[in-house]
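[1] Need a 3D model of the sequence below.
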Amino acid sequence: MDIRRFKDCSILVIGDLMIDAYLWGEVERISPEAPVQVVEVKSEDTTLGGAGNVINNLVALGAKVSAVGIVGADPDGVLLCEKLRASGVGIDGVVQEAQRCTTRKTRIIAAHQHVLRLDRETRREISAENRGAMLRAVTERLPACDVVMVSDYGKGVVTKALVSETTRMAKSLGKTSIADPKGLDFKKYAGITVLTPNKKEASAAAGMEIHTESDLVAAGNRILHTVEIDSLLVTCGKEGMVVFERNESPYVIHAEARQVFDVSGAGDTVAAVLGLALAAGAPLKQAASLANTAAGIVVGKVGTATVSPAELSAALESRQDPVRRKERQVSELAALSRELKRQGQRVVFTNGCFDLLHAGHIRLFAASKQLGDVLVVAIDDDAAVAALKGPGRPVLKATERVRMLSALDSIDYVVVFASGQLDFLIQTLQPAVLTKGSNYTSQRVYGHEQVEKIGGRVVLIPVVDDISSSRIIDGIKNNRPS
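    Okay, the predicted model is just below:
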């Protein structure tokens, strides 16, 4: 699957638009007024939630997106539209309803734990007038879209009549439709091409408990044969997902092993990537497999997160090349750092070009790992190496350097960084130890002030042999052994 095609895809998203708010803080005491934690708020932020998170995922992957939904005549409604507009999303189909509040979910997170969620919402079904306005927007935008996606969070926006008319139009135009369902009655989604419930939702809709794989198959087949849909994708969390298609055996896709930090929003990522892959021409099973990979990435982040093309490409490459599973993108480091600290792991950090791996590098990594629990190695990208080392460098591209370093038992994670990103890496990881070879001095080690400021230390690993990649390369050029 060539994910570069995603930028050529146009998706129409219909559903419950909402604001996700996050209050990040620390807990150090119990309230004297009641036996509850006192959260000292350190920061807060807001992002698009619900159908908006589906949109966020689509935009992050380069798609062109139009939104159809309802907001209230309130500050959150204004904020939501501003965020959509800033993302380049078409919002002519977003209808304002004066008697409705814009849905806001506020999550309070302390010590990397989800403490509490506060919901402000209306579940009342939208008026016939506003449903008509939404359908007019769908009628105008559907012909230019590749796929229509329905994101139902049960807030009264996605009605049976809205789904019925939308699927009728989609079928008449030969468009694929996808729905992420809510509630017990899946007949509401009759006419949809692909329905994407999670296992709990599938269990409730099928009217049976799902304990085993055979239970899941029975439930999936029951839904497929009682609801007028073409296919069914049941997501099963850490167990992966299962594709059901008419007249075919169920297709099981196993989840990829990753640390799980937060599962919120993973279903939105699945729906978004599934829709984009289908829009780009992938068959359903391949599209579902790609969506499974994307979900594995976002559960490794805190909050309702998205996946980038670079992260998805890297994950696909690591699947083909297991040695590269230690590679992390710069954008993944914040969540990784939080989780390692939660586990009480001491992070050791070192960086360099590492162009042609030699014995001195091996000693540096082995000695560095002895100073802590987790060793993170950052390598300069190809452009930075060329700027630092001159013409003809790097000898080995970043992908090959990552592969070599990932094969070493002493290294836990490898990240490629661009010129100017080293400060951000150190600030994000906040390592307990920063290491370099003893051919440096502590004051010459870049980032030593940042590390020492947070209580970390710089350790110089003794350089025993006078060896370097540059010297090895010169020796090869001059036919002189190093």
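
[2] ok, I11 - contacts?
    I11 sits next to 58, 63-66, 145-149, 275-276, 279 when contact means CB atoms under 8 Å, 6 or more residues apart in numbering. Every residue, glycine included, has its C-beta placed from N, CA and C.

[3] Pipe the residues you listed into a markdown table and attach pLDDT per row.
    Conversion of the contacts of I11 to a markdown table gives the following (pLDDT from 0 to 100):
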| residue | pLDDT |
| --- | --- |
| L58 | 96 |
| A63 | 96 |
| K64 | 96 |
| V65 | 97 |
| S66 | 97 |
| C145 | 96 |
| D146 | 97 |
| V147 | 97 |
| V148 | 98 |
| M149 | 97 |
| G275 | 96 |
| L276 | 95 |
| A279 | 96 |
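
[4] would CSV of those residues with distance to E40, secondary structure and neighbour count be doable?
    Formatted as CSV, the contacts of I11 follow (distance: CB to CB, whole Å; DSSP: H, G, I helix; E, B strand; the rest coil; neighbours: other CB atoms under 10 Å):
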residue, distance to E40, secondary structure, neighbour count
L58, 36, helix, 30
A63, 39, coil, 24
K64, 42, strand, 19
V65, 38, strand, 24
S66, 41, strand, 25
C145, 46, coil, 22
D146, 47, coil, 19
V147, 45, strand, 25
V148, 45, strand, 27
M149, 40, strand, 29
G275, 41, helix, 30
L276, 40, helix, 29
A279, 45, helix, 24
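
[5] what's the farthest-apart pair in the residues you listed?
    For the contacts of I11, the farthest-apart pair by CB to CB is S66 and L276; their separation is 14.3 Å.

[6] List the residues that contact the residue lying closest to K155 once chain neighbours are set aside.
    For K155, ignoring the flanking residues on the chain, the nearest one in space by CB to CB, 6 or more residues apart in numbering is D16 at 4.4 Å. Listed by CB under 8 Å, 6+ apart, the contact set of D16 reads G50, A51, G69, T103, S151, D152, Y153, G154, K155, V157, V158.

[7] Near the fifth one, how many other residues are there?
    Right, S151. 28 (other CB atoms under 10 Å).

[8] again, but for the first one
    When neighbours are defined as other CB under 10 Å, G50 has 28 of them.

[9] Spell out which helix or strand contains the closest residue in space to it that isn't next to it in sequence, please.
    Nearest non-adjacent residue to G50, counting by CB to CB, 6+ apart: M18, 4.0 Å away. In this assignment (DSSP states H and E), M18 forms part of strand 17-30.

[10] cool, A272 as well?
    helix 266-279.

[11] Can you name the residues in contact with the next helix or strand after that helix?
    Next in sequence after helix 266-279, counting helices and strands by DSSP H and E, comes helix 284-298. By CB under 8 Å, 6+ apart, the residues outside helix 284-298 that reach it are 1, 3, 57, 194, 231, 233, 235, 240-241, 243, 245, 251, 253, 255-256, 258, 265-266, 269-274, 277-278, 282, 305-307, 311-312, 315-316, 319, 332.

[12] Just the buried residues of those.
    1, 3, 57, 194, 231, 233, 235, 240-241, 243, 245, 253, 255, 258, 265-266, 269-274, 277-278, 282, 305-307, 311-312, 315-316, 332 (16 or more other CB atoms under 10 Å).

[13] hmm, back to that, from R85, how far off is the residue nearest to K155?
    19 Å (CB to CB, to the nearest Å).

[14] And E213, by the same measure?
    Distance from E213 to R85, by CB to CB: 45 Å.

[15] Break this structure down into its domains, please.
    Domain assignment for the chain, taken from automatic domain parsing, gives 3-320, 331-477.

[16] weakest of those in terms of mean pLDDT?
    Per-stretch mean pLDDT for the domains of the chain is lowest at domain 331-477 (a mean of 87).

[17] Now do it: distance to the chain's middle.
    Remark: domain 331-477 is offset 26 Å from the chain centroid, using CA atoms, centre = their mean, to the nearest Å.
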